[in-house]
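1. what's the 3D shape of this:
(2 chains)
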2 protein chains.
Amino acid sequence: MRLDDLPTPALVLDRRALQRNVARMQARAKQLGVRLRPHMKTAKSIDVARMILGESGDGITVSTLKEARYFLDHGIHDITYGVGLVPSKLDEAAHLMQGGADLKLITDDVEAAHAASQRGQELGVTFKVMIEIDSGGGRAGLFVDDPALIELGRVLAAGPGTTLHGVLTHAGHSYACPSTNDIVAVAEQERATMVDAAGRLRKAGLACPVVSVGSTPTAMFARNLDGVTEMRPGVFCFMDLFQSQLGVCAPEDIAVSVLASVVGHKSDGSKAMIDAGALALSQDQSLEGFGRVLGKPWKVAKVSQEHGHVYPADPGAKVDPVVGQRVRVLPNHVCMMAAMHEQYHVVDGGDEVVAVWDRCNGW
Amino acid sequence: MRLDDLPTPALVLDRRALQRNVARMQARAKQLGVRLRPHMKTAKSIDVARMILGESGDGITVSTLKEARYFLDHGIHDITYGVGLVPSKLDEAAHLMQGGADLKLITDDVEAAHAASQRGQELGVTFKVMIEIDSGGGRAGLFVDDPALIELGRVLAAGPGTTLHGVLTHAGHSYACPSTNDIVAVAEQERATMVDAAGRLRKAGLACPVVSVGSTPTAMFARNLDGVTEMRPGVFCFMDLFQSQLGVCAPEDIAVSVLASVVGHKSDGSKAMIDAGALALSQDQSLEGFGRVLGKPWKVAKVSQEHGHVYPADPGAKVDPVVGQRVRVLPNHVCMMAAMHEQYHVVDGGDEVVAVWDRCNGW
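-> Numbers count the residues shown, from 1 in each chain, chains lettered A, B, ... in the order given. Below is the predicted model of the structure:
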């Protein structure tokens, strides 16, 4: 089967670009002396996970317990669930552990830690819990100088149904950096904050074996990760226009696109409509609107549910397709675009579909 | 089962609000003297379709051929596919017709019409095709004074594999109206344009039996639809914050929400994190950010993939939940929010889950 034979819209994955991206991040982890624990929220695919992990048997990060179940069912045991624990999910977490998962949870909340410890004891499991730290992103997590850090560490370490496994952060603010020098600075802030957090816990007599950081930009530009034990980038495997605009990758490193058909166009070349809209492309916006058309001076400037509105990407360009013509739209944010689809149509640089890989979407 | 027992995030549908919304639109169609052909792209649910159609046996509109297949399999035959036809989808369209669908296609392109006619002849079917008109939204469709209108009508009427079924438009620009008076004006522009288009075709000796308009705002505020035969609103069944801000519904008419759990919060009451982010809530933005929390002065001001960042909705408010607390987030654009989920957890105003209804997502 070739791309021209696929119903549109369809998600396309170029395995050659994927392999290059994976090799690059594996080399970065080796160079930095940390373990690569890829965040599988981007790919949600056992095929991609196996490519990244290789023979190492190392672990992964997931964003939902459904992903945890999916990867466990496919033989991956070492799993960090990267969203704060809530009491109502502890039974499923215990169930995963009883099924063989070496599961790690996270929290930034003392009451949630007490609840986890109590429920762990009731269920006969010991939850490994990491403390989430705010390393400057203003997202989730404790500030490193919050007295709750030590209190939370003690609750987790002493509780009958928990252990303190380490500290974890995500420097999401690296995505807003105007230059690679700024990414270098955020990466150092992320590293230093986490080493500080681990040091405070250790000074209080608490073990803190894992120091976990992660974002694709900081993973690519960190000068060193001294004191860090693992990193959890996700988007690196596919890359996207955001990463390209940050200088983290070249446009040709972008491994994922949405194949679409032109369904109409204005006769003056001012606009065309494609059958990939807000649902097929997702809705993160960049300088390229909702996505750039591969190989054409066209961008998706607007989206409605099932329509992409394609305009010239520069003032001199014309949008002059024929109805039925196929285009491929590059993602602004590939985690979101890929999540709109149930499967990848895999190509090796050309237009022959060499494999179909499933994704684990939803909750 | 109660809402507190559901894993989060989860999509919740209040059937009582749905029933009120459906009754209101049914009354509008009756009052306006047009057929209601609901756009099922919003609900993608046979249960909702049956509620809207009742005993009338009237038809529906769909946004994907997958929806057409799903509704046909559930016994609905009269289906308009509201995205411009492309040659590669004609075989599936014919297959649906051979399975009993009374399918209507749309186009604004003469070459596509030729292709449809030729392929229809080859496949032994006659495609019913409507001409898409731009009634001011600048979206898809021909302008009414474009000479291609008559040419396209002749191709469809005379072609061996097509018939001209009518004209169709979607006044999507009604969503941007600053006042209900403006919506009234857009509704009249939509009506008048379509009556004009049908008149031009008829004057050229072409039959134009169906004159189809549709958007929820124009359906609610049109003074009259003289000359129009059907309307195709979609969002009316669920309503959302966009419609409420347009004055099309009251906030209590919003039938759909996403149930989420608090996974963390800042101790000063400035912010909380919930386990419903860009994927669970979708990403249309309004004055309410990415959605308002039902019954609380809180809004989702930012989203990352699986995190909603909840901030005070007014300067005096505090966001002071406990971890694990459940909230319900109202949608900005319910078509998008609902499409992020595989099923509805149906309640009747309270918190008991009385049914689970499937959706037909994807392509």
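2. now the helices for the stretch 151-300 of chain A?
-> A:180-203, A:216-221, A:241-246, A:278-281 (DSSP state H, counting those that start in this stretch).
3. Surely residue A:238 touches residue A:19?
-> No. Contact criterion Cβ atoms under 8 Å: residue A:238 and residue A:19 do not qualify, at 11.7 Å. The C-beta positions use only the backbone N, C-alpha and C, and glycine is treated the same way.
4. Tell me which of the two has more neighbours.
-> Ranked by neighbour count (other Cβ atoms under 10 Å in any protein chain shown), residue A:238 and residue A:19 place residue A:238 first, with 29 against 14.
5. Next one: residue A:174 from residue A:13, what distance?
-> Distance of residue A:174 to residue A:13, computed by Cβ to Cβ, to the nearest Å: 25 Å.
6. Let me see the backbone angles for the nearest residue to residue A:109 once chain neighbours are set aside.
-> Spatial nearest neighbour of residue A:109, chain neighbours left out: residue B:323 (4.5 Å); criterion: Cβ to Cβ, 6 or more residues apart in numbering or on different chains. Backbone torsions of residue B:323, given as degrees, to the nearest 10, read phi -60, psi 130.
7. Residue B:323 and residue A:84 touch, don't they?
-> Yes. Between residue B:323 and residue A:84 there is a contact at 7.0 Å, judged by Cβ under 8 Å.
8. tell me the contacts of residue A:295?
-> residue A:328 (Cβ atoms under 8 Å, 6 or more residues apart in numbering or on different chains).
9. So it versus residue A:251, what's the distance?
-> Distance of residue A:295 to residue A:251, given as Cβ to Cβ: 11 Å.
10. Ok, residue A:125 next?
-> Taken as Cβ to Cβ, the span from residue A:125 to residue A:251 is 47 Å.
11. These two: which has the busier surroundings?
-> residue A:125 (19 against 14).
12. about what we covered before: with mean neighbour count, mean pLDDT and distance to residue A:100 added, can I get the helices of the stretch 151-300 of chain A in TSV?
-> Listed next are the helices of the stretch 151-300 of chain A as TSV, based on neighbours: other Cβ atoms under 10 Å in any protein chain shown; pLDDT from 0 to 100; distance: least, Cβ to Cβ, whole Å:
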stretch	mean neighbour count	mean pLDDT	distance to residue A:100
helix A:180-203	20	97	28
helix A:216-221	27	96	29
helix A:241-246	21	95	34
helix A:278-281	26	98	36
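13. okay, the ones you listed in JSON lines with distance to chain B next?
-> Shown next, in JSON lines, are the helices of the stretch 151-300 of chain A (distance: least, Cβ to the nearest Cβ, whole Å):
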{"stretch": "helix A:180-203", "distance to chain B": "16"}
{"stretch": "helix A:216-221", "distance to chain B": "13"}
{"stretch": "helix A:241-246", "distance to chain B": "13"}
{"stretch": "helix A:278-281", "distance to chain B": "6"}
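14. can you put these in CSV and add distance to residue A:67?
-> As requested, the helices of the stretch 151-300 of chain A are exported to CSV (distance: least, Cβ to Cβ, whole Å):
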stretch, distance to residue A:67
helix A:180-203, 24
helix A:216-221, 18
helix A:241-246, 22
helix A:278-281, 21
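15. The one residue in the stretch 51-200 of chain A that gets nearest to chain B is in what secondary structure piece?
-> At 3.3 Å from chain B, residue A:84 is the closest residue in the stretch 51-200 of chain A, using Cβ to the nearest Cβ. Counting by DSSP states H and E, residue A:84 is held by no secondary-structure element, helix or strand.
16. separation between it and residue B:306?
-> Residue A:84 is 10 Å from residue B:306, by Cβ to Cβ.
17. what's residue A:250 in contact with, if anything?
-> The neighbours of residue A:250, taking Cβ under 8 Å, 6+ apart as the test, are residue A:244.
18. thinking residue A:207 is in contact with residue A:164, fair?
-> Yes. Residue A:207 is within contact range of residue A:164, at 6.5 Å (criterion: Cβ under 8 Å).
19. what is in contact with these two at once?
-> residue A:157.
20. Name the residue in these two with the higher neighbour count.
-> residue A:164 (24 against 14).
21. got the end-to-end distance for stretch A:4-13?
-> Start and end residues of stretch A:4-13 are separated by 15 Å (Cα to Cα, to the nearest Å).
22. close to chain B, is it?
-> Yes. If you take Cβ under 8 Å from any Cβ of the partner chain as the test, stretch A:4-13 does meet chain B, through A:4, A:7, A:8, A:9, A:10.
23. Just the residues contacting stretch A:26-37, thanks.
-> Against stretch A:26-37 from outside (Cβ under 8 Å, 6+ apart): A:25, A:52, A:54, A:58-61, A:80, A:212, A:214, A:219-220, A:222, A:224-225, A:228-233.
24. what residues are up against the residue of the stretch 201-350 of chain A found nearest chain B?
-> Residue nearest to chain B within the stretch 201-350 of chain A: residue A:263 (3.3 Å; Cβ to the nearest Cβ). Contacts for residue A:263 (Cβ under 8 Å, 6+ apart) come out as A:273, A:274, A:275, A:307, A:323, B:83, B:84, B:85, B:86, B:140.
25. change it to 6 Å
-> The contact partners of residue A:263, taken as Cβ atoms under 6 Å, 6 or more residues apart in numbering or on different chains, are A:273, A:275, B:83, B:84, B:86.
26. Same question for residue A:234.
-> Residue A:234 touches A:39, A:41, A:42, counting by Cβ under 6 Å, 6+ apart.
27. List the residues that contact residue A:188.
-> Not one residue lies near residue A:188 by Cβ under 6 Å, 6+ apart.
28. any idea how far it is from residue A:222?
-> Here the criterion is Cβ to Cβ. By it, residue A:188 lies 7 Å from residue A:222.
29. And stretch A:279-289, what's buried?
-> For stretch A:279-289, the neighbour count (16 or more other Cβ atoms under 10 Å in any protein chain shown) marks A:279, A:280, A:281, A:282, A:283, A:284, A:286, A:288, A:289 as buried.
30. Would you check the distance separating it from the middle of the chain?
-> With Cα atoms, centre = their mean, to the nearest Å as the basis, stretch A:279-289 stands 17 Å off its chain's centre.
31. Check stretch A:61-80 too.
-> Per Cα atoms, centre = their mean, the centroid offset for stretch A:61-80 relative to its chain is 14 Å.
32. Between the two ends of that stretch, how far is it?
-> Terminal residues of stretch A:61-80 lie 5 Å apart, using Cα to Cα.
33. Would you mind giving the domain segments of chain A?
-> With domains defined by automatic domain parsing, chain A comprises A:3-10+A:255-358, A:33-237.
34. Determine which of the ones you listed approaches residue B:183 most closely.
-> Closest of the domains of chain A to residue B:183 is domain A:3-10+A:255-358, at 18.0 Å (criterion: Cβ to Cβ).
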